[in-house]
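Participant: Need a 3D model of the sequence below.
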Amino acid sequence: MNRETAFAHPRYSPCVAGGILAALIFLGLWMPTHRPRPHLPTSDIYTHLSVARHLVRGEGFRTDVTYPLSFAFPFARELPQPLLHRQPGFGVLLMAPCYAAGGYPGRTVDMVRAMQIILLGVVVGLGAALFFRRGRPAAILPWMILLLFSPLLAYAVDWGMVELVCSLLLLVIWLRVRDFPVDRPDYIDGLLAGVLSMLRLDLFWVPALWWVLLRDRPWKRPVLGRRHGLLLAAWLVVMAPWIIRNVQVTGHPFFSLQSYAEHVKDTRSWPGYSVYRQLEPQPLFRTMTTDPIPTLRKFGRGVKFHIRELPRLIPGPAIWILAMLLWTFVLPRGPNPRSWSLGPPGCAAGTAILLVCQYSFFDHSLRHLLVVVPVLFWELSLWMGTAIPEILARQEGRLRNPAVRFLGVALTAVVTMAVVLVFPCRVPGWDKAAAEAVALAPRTARQIDLTRQAGPGVLFVDNSAVPWFIDRPVVWSPATDAIRSRICELLGMPDAGYQEEP
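Facilitator: Numbering: from 1, shown residues only. Modelled structure (predicted):
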């Protein structure tokens, strides 16, 4: 039996115990060094929480945060609005903190952070357990150090980002598929991919890419087979209720408001979020066939942005290691030039590149790449936990020497610590946003008090915190008073009359 293959032996208990111990040690270090940060009033978590609150009340998938653009569609002209601009998965998950907090808005936000801390611990424990299973204990400390010093993972915890749970699911799928032969992935992988799509539909292709590329067969052999059909069937089982609901509400199985705006957001034609603050949809196909230049320019800016900002996500030397592994594992092997294979490290790095291309078209934020960070860190840690001990012990027999193994573990940890300290991932933009959250807290508190006194009708505000704390649906502030009046006409409701302070 191959000792290197994960999940190949029925006795998991020592590995699970080691993973739990690693997670507890990690959280024991992480929690005292990472104090909670206040949320921005525009944080997405409030939108997801409003969905969870409606679900807890048995009112279905509805949201209290709506954009003016959504009222261009007849099926969206009601408050609270049917959920159109988010996938439902995170709202379902957030039902747990809503129940645990007993309906108190502020306490619910605190419980979300507690949930995120647990998810982070599961990420750490899962990765560590697999290192134990593979007999690579030297990789555990680099794994923990890289995650401990990742500032964006800390923000994902504090600000309740859906990317954290997505990264956990992708790590599970990655660890399952990377060590299995091609005929082993089963319906469980399809169910996991379905849950991932319910959280972030734009990531549906990532597991499919891994299933196709990570296999022990030449490129010219068939890719699709019976098990891939089972994968697709399992994915559809998870997605079917949401697809049916979308067809009933919108007439489109995969309707998303973002497909009518996100690609032109922050372009010269539509600076900032102006496209969401008006009533004219911008379909992707129409944009790319009539006026593609602004979107293509945005793509170019996005690629430059991600290249420039990548060292804020992953330490600089680690980026070079990933680039080296990508190049190494993409080279042809053997006499047949078509019989090349893309190994796991190269596949992980290639996935990150494709994600950069995808989000360069839509939203320029490093938070979207967080979903693949644990996978990249896991591969980096495995490489370091293998390469450094083998340098110390050139002969296999010496690796069994406890002193040599301990020295390998210690040296691997020292090298990783040196990397994260000498090449720290600083995020000044995110730190500025955290400072703004503190500065905006008094204004948000005044808004909450004033909007509680607003009369009946349509309430227009410029953030998502107000509807969460006052438990009332709102419309995001439109670009002009004329659009504001038109939305009231479309809803058949008067204007609540609330005016925001400058």
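Participant: Please count neighbours and contacts with C-alpha atoms only from this point.
Facilitator: OK.
Participant: Please list all residues in contact with Pro137.
Facilitator: Contact analysis of Pro137 by C-alpha atoms under 8 Å, 6 or more residues apart in numbering lists 131, 385, 409.
Participant: measure it to Gly125 for me?
Facilitator: As judged by C-alpha to C-alpha, to the nearest Å, Pro137 and Gly125 stand 13 Å apart.
Participant: So which of the contacts of Pro137 sit within helices?
Facilitator: Those of the contacts of Pro137 mapping onto helices are 131, 385, 409, per DSSP state H.
Participant: Can you tell me the closest non-neighbouring residue to the last one?
Facilitator: Put plainly, it is Val409. Ala138 (4.3 Å; C-alpha to C-alpha, 6 or more residues apart in numbering).
Participant: what secondary structure does the one you found sit in?
Facilitator: helix (DSSP: H, G, I helix; E, B strand; the rest coil).
Participant: which other residues reach whichever helix or strand Leu49 is part of?
Facilitator: Assigned by DSSP states H and E, Leu49 belongs to helix 44-56. With C-alpha under 8 Å, 6+ apart as the test, helix 44-56 has contacts from 60-65, 83, 86, 90-95, 98-99, 159-161, 464-465, 467-468.
Participant: Relative to the helix or strand following it, what are the paired strands and their orientations?
Facilitator: Next along the chain after helix 44-56, taking DSSP H and E as the criterion, comes strand 62-63. Counting by DSSP bridges, the strands paired with strand 62-63 are strand 81-82 (antiparallel).
Participant: Identify all contacting residues around whichever helix or strand comes after the strand it pairs with.
Facilitator: Toward the C-terminus, strand 81-82 is succeeded by helix 89-93 as the next helix or strand (DSSP H and E). Contacts of helix 89-93 from elsewhere in the structure, counted by C-alpha under 8 Å, 6+ apart, are 48-52, 55, 162, 195, 198-199.
Participant: Of those, which pair is most distant in space?
Facilitator: Across the contacts of helix 89-93, the longest distance by C-alpha to C-alpha is 20.2 Å; it joins Ser50 and Val195.
Participant: Who has more neighbours out of these two?
Facilitator: The neighbour comparison of Ser50 against Val195 (other C-alpha atoms under 10 Å) goes to Ser50, with 30 against 20.
Participant: Go through the contacts of Pro137 and say which is closest to Ser150.
Facilitator: Nearest member of these to Ser150, counting by C-alpha to C-alpha, is Gly385, at 19.2 Å.
Participant: For the closest one, which non-adjacent residue is closest in space?
Facilitator: That would be Ala139: by C-alpha to C-alpha, 6+ apart, it lies 3.9 Å from Gly385.
Participant: check contacts around that neighbour.
Facilitator: Ala139 neighbours (C-alpha under 8 Å, 6+ apart): 131, 381-386, 409, 412.
Participant: ok, it to Leu79 distance?
Facilitator: 52 Å.
Participant: Can you name the next helix or strand after the helix-or-strand element of the chain with minimal mean pLDDT?
Facilitator: Least confident element among the helices and strands of the chain, by mean pLDDT, DSSP states H and E: helix 316-330 (a mean of 75). Per DSSP H and E, helix 316-330 leads on to helix 344-360 as the next helix or strand towards the C-terminus.
Participant: For the stretch 401-502 of the chain, which segments count as strands?
Facilitator: Applying DSSP state E, counting those that start in this stretch to the stretch 401-502 of the chain gives strands spanning 460-461, 474-476.
Participant: List of residues touching the shortest one?
Facilitator: Read that as strand 460-461. 474-478, 496, 498-500.
Participant: If you count neighbours, what's buried in the helix or strand that contains Leu382?
Facilitator: Using DSSP H and E, the element containing Leu382 is helix 373-392. For helix 373-392, burial by neighbour count (16 or more other C-alpha atoms under 10 Å) applies to 373-386, 388-390.
Participant: Identify the residue nearest the geometric centre of the protein.
Facilitator: Centrality entry for the chain: nearest residue to the mean C-alpha point is Glu163, 2.0 Å, by C-alpha atoms, centre = their mean.
Participant: list the contacts for that residue?
Facilitator: Counting by C-alpha under 8 Å, 6+ apart, Glu163 touches 156, 367-368, 370-371.
Participant: Most neighbours among these, which one is it?
Facilitator: Val371 (24 neighbours).
Participant: Report pLDDT for it.
Facilitator: With respect to pLDDT, Val371 has a value of 97.
Participant: so it sits right up against Val172, yeah?
Facilitator: No: between Val371 and Val172 there is no contact under C-alpha atoms under 8 Å: 11.8 Å.
Participant: and the end-to-end length of stretch 287-301?
Facilitator: End-to-end distance for stretch 287-301: 18 Å, by C-alpha to C-alpha.
Participant: Let's test this: mean pLDDT of that stretch, rounded?
Facilitator: Stretch 287-301 shows a mean pLDDT of 92.
Participant: so how far is it off the chain centroid?
Facilitator: 25 Å (C-alpha atoms, centre = their mean, to the nearest Å).
Participant: Quick one: mean pLDDT for stretch 403-413?
Facilitator: So the average pLDDT for stretch 403-413 ends up being 78.
Participant: that older thread, can you list the ones in helices among the contacts of Pro137 in JSON lines and add distance to Val427?
Facilitator: Shown next, in JSON lines, are the ones in helices among the contacts of Pro137 (distance: C-alpha to C-alpha, whole Å):
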{"residue": "Phe131", "distance to Val427": "30"}
{"residue": "Gly385", "distance to Val427": "28"}
{"residue": "Val409", "distance to Val427": "30"}
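Participant: Sounds good, over and out.
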